[in-house]
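Participant: Please work out how this folds:
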Amino acid sequence: MERYLLVVCAGIVGGLAAQRLNVPGGAVVGAMVLSAAAALLIPQGLSVPSHWSTAIQIVLGISLGMTFNRSLLPLVAKALPLALVSTLILLLVAVCMALLASRLGLVDFGTALFGFSPGGMSGMAILAQTEGHQTSIVAFIHLVRIFTLFMVVPLLVRLFLVMKKAPLN
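Facilitator: Coordinates of the predicted model:
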């Protein structure tokens, strides 16, 4: 039990520290990095007990569900077609990347597909775990994606805003 307590405490400290330091991904990324470091210190390793996993999934589902409000409804009909097309394109790219990763012998196709698929890091990692794939690899791939996006997207937004304001010659 002390092993789990060590990892949980490390995750709490990491999450709070990362959020306070404005690290991209904040609490989730900080908690994951520091709890992973703590887990690496434990020679026999750890696995999340199934009842914890279920509880975590429920809390995640509730926290995401609570973000919905009535102001979203008018946008749903307009944005749904673009969201579906975007998802299909991203999923096609994810399948290609997963095939490449599995053919190169880096990881099995299922783990790679969960890792390269569009979606949130925590959700895809939990889903991969539920399906029996390598959660740590899925989380790592998403972590790289999230860090990259958090660094690049704000720059792209600023660039496009500047371009939009600049007169065309």
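Participant: Check which helices and strands the worst-scoring helix or strand of the chain on mean pLDDT is in contact with.
Facilitator: Of all the helices and strands that make up the chain, helix 50-65 has the lowest average by mean pLDDT, DSSP states H and E, namely a mean of 83. Applying 3 or more C-beta pairs under 8 Å, 6 or more residues apart in numbering; DSSP states H and E, one finds that helix 50-65 contacts helix 121-130. C-beta: built from backbone N, CA, C; applies to glycine.
Participant: Give me the helices and strands touching the helix it packs on, please.
Facilitator: For helix 121-130, the elements it packs on are helix 26-40, helix 50-65, helix 109-116, helix 135-165, judged by 3+ C-beta pairs under 8 Å, 6+ apart.
Participant: How about the residue most central in space within the chain: what's its closest non-neighbour residue?
Facilitator: Closest to where the C-alpha atoms of the chain average out (C-alpha atoms, centre = their mean) is Met121, at 1.5 Å. Nearest residue to Met121 in three dimensions, chain neighbours excluded: His142, at 3.6 Å (C-beta to C-beta, 6 or more residues apart in numbering).
Participant: now the helices and strands packed on helix 121-130 in TSV, with distance to Ser86 and mean neighbour count?
Facilitator: Formatted as TSV, the helices and strands packed on helix 121-130 follow (distance: least, C-beta to C-beta, whole Å; neighbours: other C-beta atoms under 10 Å):
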stretch	distance to Ser86	mean neighbour count
helix 26-40	23	19
helix 50-65	19	11
helix 109-116	15	23
helix 135-165	14	14
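Participant: now these in CSV, with distance to Leu16?
Facilitator: Shown next, in CSV, are the helices and strands packed on helix 121-130 (distance: least, C-beta to C-beta, whole Å):
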stretch, distance to Leu16
helix 26-40, 7
helix 50-65, 17
helix 109-116, 27
helix 135-165, 18
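Participant: So what's the gap between the next helix or strand after the least confident helix or strand of the chain and the chain middle?
Facilitator: Going down the chain from helix 50-65, the next helix or strand is helix 73-103, by DSSP states H and E. Helix 73-103 has its C-alpha centroid displaced from the chain centroid by 15 Å (C-alpha atoms, centre = their mean, to the nearest Å).
Participant: so the residue nearest to the centre of the chain touches Ile146, yeah?
Facilitator: Yes. At 5.9 Å, Met121 and Ile146 qualify as touching, with contact defined as C-beta atoms under 8 Å.
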